[in-house]
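**Q** give the three-dimensional model of this entry:
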Amino acid sequence: MKIVVIGTGYVGLVTGTCFAEVGIDVICIDIDEKKINNLKKGIIPIFEPGLDALVAKNVAKGRLEFSTSLEESIPGADIAFIAVGTPPGEDGSADLKYVIAVASAIGQYMNSYGVIVTKSTVPVGTAKKVQEAIQEALVKRGLNISFDVASNPEFLKEGAAIDDFLKPDRIVVGVSSPKAEEVVRKLYKPFLLNGHPIIFMDVASAEMTKYAANSMLATKISFMNDIANLCEIVGADVNMVRKGIGSDVRIGNKFIYPGIGYGGSCFPKDVKALIKTAASNGYQMQILEAVEAVNEKQKSVLFNKVMNRFQGDIAGKTFAIWGLSFKPNTDDMREAPSLVIIEHIIKAGGKVNAYDPIAISEAQHILGNKIEYSNTEYEALENADALLIVTEWTDFRAPDFDKIKKALKNPIVFDGRNIYDSKELNALGFEYYGIGTKNN
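**A** You can find the predicted model right below:
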């Protein structure tokens, strides 16, 4: 099979590389010449554990190629994946201009039957627009080439994307014809040998599945954060509550960890887009509107704890921040809670010295010289008035608490991810403030 993946961002690059890993010939396309040239040299534009090695391996084996030319790559392709960005518009809806532009280009260059698959996260109805754009381009060329449009949403977790793709818990595909199903099933056959299920459905349902999945997970997070805030008020410990409800198989123990809100490229964008899709169809997603509101408020919870502890005055004080990315094992800072916290601290006259194992370069690109950056987590503590845990990197789970205590001006820890035990830190002489716990 000849596979073309258009877009070498997070989803496109992981998709193309993993298909190549199972022996399929793949061409990854992008209009960014610099990015393509770098990829040919083995320079990866994103941080994802294990991706650089897989790219290098499959390029060396000749199964993975990179190009800027759709004209040379699309002819003869059995499947073309559209994996370009769908950034949120000002009103929260997904911007489909890149998806439609790619669809038009495919129509300009295809010369035989193929399945065009939207891998980008797109709202219900996008497949129809893709089909119309391709058909319009074919009509202009005076050609009558049959094709199918399918939807194959991705469920990759940043930091674990390779395993998620190679060992999927499910593969969801929306198709509109038996022929398209046959082609896609053949493509995914290497991933089904270990019993991983592939679920075929209509295209609209597949498009909705992606948004519904992310919105459900976001809902669990915001629900637990709301419970955590109430726990503090009534004197309960959310860590105990979490264990109590997580043992119920109907609820489960995933995505019920309280913290300082979700971020990243998916949850915020997809929740907004689903709310907008509903509104454009005359329906109000009341639960998701609340999910979004709770999440935005939650990003300020840790800063509010800081202000309460210092009686509303942090002018001239320095705060060490451990963790800048929105989650561990990525350098992604899109919608990261760290950005909100840092903005609040600076606005209140405070200073920040931050450390992150991976995201320092990204932070420098976003924040510039607004804050100080450290080479190690302990360096960030020097002359700091308190420590804020913002991202739950494994590097921070078992630190040298004596070293922390000696480096800080005050032995104060604000734990935005509840990775430490309050009783243990109190016994070590720290003031400890977590989320939804009996603080200090």
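**Q** and the average pLDDT for the helix or strand harbouring residue 209 is what?
**A** Assigned by DSSP states H and E, residue 209 belongs to helix 203-234. Averaged across helix 203-234, pLDDT comes to 96.
**Q** name the next helix or strand downstream of the helix or strand harbouring residue 406, please.
**A** Under the criterion of DSSP H and E, residue 406 resides in helix 401-407. Sequence-wise, the next helix or strand beyond helix 401-407 is strand 412-415, with elements assigned using DSSP H and E.
**Q** may I see the buried residues of that next one?
**A** Neighbour-count burial for strand 412-415 flags 412, 413, 414, 415 (criterion: 16 or more other CB atoms under 10 Å). Using the backbone N, CA and C atoms, a C-beta is placed for each residue, glycine as well.
**Q** got the contact list for the closest residue to residue 318 other than its chain neighbours?
**A** Nearest in space to residue 318, with sequence neighbours left out and distances taken as CB to CB, 6 or more residues apart in numbering, is residue 351 at 4.4 Å. By CB atoms under 8 Å, 6 or more residues apart in numbering, the residues touching residue 351 are 316, 317, 318, 319, 345, 371, 372.
**Q** please spell out the PyMOL selection for the buried subset of these.
**A** Typed into PyMOL, the line below selects the buried ones among the contacts of residue 351, using 16+ other CB under 10 Å:
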select buried, resi 317+318+319+345+371+372
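**Q** and which of the contacts of residue 351 is nearest to residue 102?
**A** Comparing the contacts of residue 351 against residue 102 with CB to CB places residue 371 closest, at 38.0 Å.
**Q** quick one: residue 352 is in a helix?
**A** No. Applying DSSP: H, G, I helix; E, B strand; the rest coil, one finds residue 352 to be strand, outside a helix.
**Q** tell me how many other residues crowd residue 331.
**A** Residue 331: 19 surrounding residues under other CB atoms under 10 Å.
**Q** got the contact list for it?
**A** Residue 331 is in contact with 46, 47, 325, 356, 358, 359, 361, 362, counting by CB under 8 Å, 6+ apart.
**Q** repeat for residue 3
**A** Contacts of residue 3 (CB under 8 Å, 6+ apart): 16, 19, 24, 25, 26, 27, 77, 78, 79, 80, 81, 187.
**Q** among those, name the buried ones.
**A** Among these, the ones that count as buried by 16+ other CB under 10 Å are 16, 19, 24, 26, 27, 77, 78, 79, 80, 81, 187.
**Q** output the residues you listed as JSON lines; include the columns distance to residue 403, pLDDT and secondary structure.
**A** Formatted as JSON lines, these follow (distance: CB to CB, whole Å; pLDDT from 0 to 100; DSSP: H, G, I helix; E, B strand; the rest coil):
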{"residue": "16", "distance to residue 403": "44", "pLDDT": "97", "secondary structure": "helix"}
{"residue": "19", "distance to residue 403": "46", "pLDDT": "96", "secondary structure": "helix"}
{"residue": "24", "distance to residue 403": "50", "pLDDT": "95", "secondary structure": "coil"}
{"residue": "26", "distance to residue 403": "48", "pLDDT": "97", "secondary structure": "strand"}
{"residue": "27", "distance to residue 403": "51", "pLDDT": "97", "secondary structure": "strand"}
{"residue": "77", "distance to residue 403": "56", "pLDDT": "95", "secondary structure": "coil"}
{"residue": "78", "distance to residue 403": "57", "pLDDT": "96", "secondary structure": "coil"}
{"residue": "79", "distance to residue 403": "54", "pLDDT": "97", "secondary structure": "strand"}
{"residue": "80", "distance to residue 403": "54", "pLDDT": "97", "secondary structure": "strand"}
{"residue": "81", "distance to residue 403": "48", "pLDDT": "97", "secondary structure": "strand"}
{"residue": "187", "distance to residue 403": "52", "pLDDT": "95", "secondary structure": "helix"}
